[in-house]
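Asker: Requesting a structural model of the entry that follows:
(4 chains)
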2 protein chains.
Amino acid sequence: MLNKSISIKDIARASGVSVATVSRIINNNGRFSIKTKKKVESIIDQLGYEKNKFAVGLRSNQSKTVGILVPDITNPFYATVVKKSEQLFFKKGYATIICNTERSIDRENAYLKNLFENRVDGLMVISSNINQSQMTSNISVPTVFIDKNPNITNATVVSSNHYEGGRLATELLIKNNLSPYLLMTRTKSSSTLSRIQAFKDVLKKRGFKNINSRIVSLDITSDHFLSHDDQLDNFMKKNENSPQPLGIFGINDNIAYMAIQAAKKIGLSVPGQINVIGFDGTLYSELSSPKITTIVQNTDAITKKASNKLIEKMTSQKQVIPSEETIEIPVSLVMKESTI
Amino acid sequence: MLNKSISIKDIARASGVSVATVSRIINNNGRFSIKTKKKVESIIDQLGYEKNKFAVGLRSNQSKTVGILVPDITNPFYATVVKKSEQLFFKKGYATIICNTERSIDRENAYLKNLFENRVDGLMVISSNINQSQMTSNISVPTVFIDKNPNITNATVVSSNHYEGGRLATELLIKNNLSPYLLMTRTKSSSTLSRIQAFKDVLKKRGFKNINSRIVSLDITSDHFLSHDDQLDNFMKKNENSPQPLGIFGINDNIAYMAIQAAKKIGLSVPGQINVIGFDGTLYSELSSPKITTIVQNTDAITKKASNKLIEKMTSQKQVIPSEETIEIPVSLVMKESTI
DNA sequence: ATGAAAGCGCTAACAG
DNA sequence: CTGTTAGCGCTTTCAT
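Answerer: Numbering: from 1, shown residues only, chains lettered A, B, ... in the order given. The predicted structure follows:
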């Protein structure tokens, strides 16, 4: 189907040298005279030679390709991580295969199989369900997790300090003398769990009782924007006349955004009657009106750390004994308009 | 470095058959007894065999991989296209390599080189600068363009009807008896050009003079959200006291969003004193307050058409003679809150 | 129904 | 400084 492409054999023949010499020149190793180099390179230009990665891979057992497993690339936070990583990888000579898992275990498995068949040199796994059994089959592929799931041992993990973020958010609400509530979704990644735990811990320390009644779980699994949610509307109506103003901690900016919408819909003012704080520092917090006070993840730092760690793993000669390693990236509270 | 993985040779040896038989069973072609099939498959399970795509590719000259060139995956419109395409491709057995070009010609070239070296079976190119010379080297790789650049001949293009969208937007402003202005950015893709042309044509038809003075080009090249732009502020201040209310056509939702912010900042009401209409139908139009009336692109239809077209091209046996083919997808005007 | 063997394009070990 | 050659894992043709 494809035009038969030209190989180093063709180049060798055309320039009157052996394939070995051509290979040496292409990869700039071994010794060769400057004269043959010139000659061969001109032929290469002339004939339009393109390296065949199949052959190179088969020989060297390296694909110069990495795979990224990501829940949803239309989520701005993940999109940014993927984009920056991809750029870094490409700069180092690696192509990137993107896999949108939609948080489905079946999809993750199918993708992993494909990636392993493609002999990826490395794997970046973002916030997934992957468990030990799925990974162990190819434990040898260097892997870095972003926001790991607790099920894997001996993993290298780069993650925001979600617990600290949750603490900062909750403390802010309490400092402002608000009645604290946590709004969350169904998805329970390790990052979410840490945020929730922090909320609970702070409340407990402050002497709150019946803490679980302050955690509202919305029936939402998507990363996507929803203009409207019934449960949220009901929650707002129920608390409309609360004597103490509400302080809502949205588990992410999306939820915080939706909370603000629901509050505004029944005429509650933000931050007058209700304060809202989000998490992540995505576009949502900036496009909302009022803009959402939020815990910002340092995407840049996360990505750099994770990508560099992966590249380091891929290029290190000696087989590193896998060991637990967790790198925590600080978060920061950014005050905007949805809190006083 | 990697644990030497097991090959069909190992499987063959372990099951007491030849590699040919194993290959036939794996690919379910040729003939073999049900009994050996059972035997071999159990060995495969037991040993954990994984196909080596290098070898398959080298033999068959097929990578089962497609490349996507996209300007910026953090742009919600592109993210959606990429995500949906990737899912479709994967369902058909293709892995997807993502390339963020940032609209840089150098990057595009580097990516193309890499993709060709990886022997991608197909290429999806979104709204790029690619010109004839860069593509011709590998004209044989099946390619589909989304929003093509005019420089390529004989391309298969899937695109929204940007001209019609521009016409709809402009007509709306005029119908509402507003003083029409077009706000645009520096990036001049073919899609942008069509939108602009429609604006001009409508104004001309309606007898407007000095049309170019109604087109304001902002010094923005990024797809990203900017909270603020000086030129925009100046534009608003200049037109603050316009006797006839302004009708602004933002070349995309991002610009429309920024225009609304700039207007609100100096106390102009939207849509009271200024009407704004955007283009694309991204998150921006929904998260803005007021929500932005916009020309919505049917991302789903675009993606499906483009992906299926590409798969069709990749799988068609006969070498199709390349010919110009343009598929236009209708757009729709969605009224929201930023226009009366 | 199964096996033997060629060969895809490349790299690297060895020979000169 | 350069050439010859084996072999990476797989598919496929040709035998049997």
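Asker: Can you name the element that comes right after the lowest-mean-pLDDT helix or strand in chain A?
Answerer: Least confident helix or strand, chain A: helix A:132-136 with a mean of 65, by mean pLDDT, DSSP states H and E. As assigned by DSSP states H and E, the chain's next helix or strand after helix A:132-136 is strand A:143-146.
Asker: How are the strands of the stretch 1-150 of chain A distributed by residue range?
Answerer: A:65-70, A:95-100, A:122-126, A:143-146 (DSSP state E, counting those that start in this stretch).
Asker: Let's have the ones you listed in TSV, adding mean neighbour count and mean pLDDT.
Answerer: Where you see a C-beta, it was placed from the backbone N, CA and C, and this is true even at glycine. TSV is the format used below for those (neighbours: other Cβ atoms under 10 Å in any protein chain shown; pLDDT from 0 to 100):
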stretch	mean neighbour count	mean pLDDT
strand A:65-70	25	96
strand A:95-100	24	96
strand A:122-126	26	95
strand A:143-146	26	94
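Asker: Quick one: closest of those strands to chain B.
Answerer: Closest approach to chain B among the strands of the stretch 1-150 of chain A is made by strand A:95-100 (4.5 Å; Cβ to the nearest Cβ).
Asker: Packing partners of that closest one?
Answerer: strand A:65-70, helix A:76-91, helix A:105-117, helix B:76-91, strand B:95-100 (3 or more Cβ pairs under 8 Å, 6 or more residues apart in numbering or on different chains; DSSP states H and E).
Asker: Which positions in the stretch 51-200 of chain A make contact with chain B?
Answerer: Counting by Cβ under 8 Å from any Cβ of the partner chain, the residues of the stretch 51-200 of chain A close to chain B are A:51-55, A:57-58, A:61, A:63, A:65, A:72-74, A:76, A:79-80, A:82-83, A:86-87, A:90, A:95-100, A:110-111, A:113-119, A:137-138, A:140-141.
Asker: now, which of the residues you listed lie close to DNA strand C?
Answerer: Restricting those to those near DNA strand C by Cβ under 7 Å from any atom of the strand leaves A:51-52, A:54-55, A:58.
Asker: Need the distance between the two termini of stretch A:68-80.
Answerer: Using Cα to Cα, to the nearest Å, the end-to-end distance of stretch A:68-80 comes to 13 Å.
Asker: Stretch A:147-160 now?
Answerer: 8 Å.
Asker: where do the helices sit along chain A?
Answerer: Ranges of helices within chain A are A:8-15, A:19-27, A:34-47, A:53-60, A:76-91, A:105-117, A:132-136, A:162-175, A:190-205, A:230-238, A:253-265, A:283-287, A:299-315, based on DSSP state H.
Asker: what about the stretch 1-150 of chain A, any weak spots by pLDDT?
Answerer: Applying pLDDT under 70 to the stretch 1-150 of chain A flags the ranges A:1-4, A:132-139.
Asker: need the residues of it near DNA strand C, please.
Answerer: With Cβ under 7 Å from any atom of the strand as the criterion, the stretch 1-150 of chain A comes near DNA strand C at residues A:4-5, A:7-9, A:19-20, A:23, A:26-27, A:29, A:49, A:51-52, A:54-56, A:58-60.
Asker: Counting neighbours, which of those residues end up buried?
Answerer: Buried subset of those (neighbour count, 16 or more other Cβ atoms under 10 Å in any protein chain shown): A:5, A:7-8, A:49, A:51-52, A:54, A:56, A:58.
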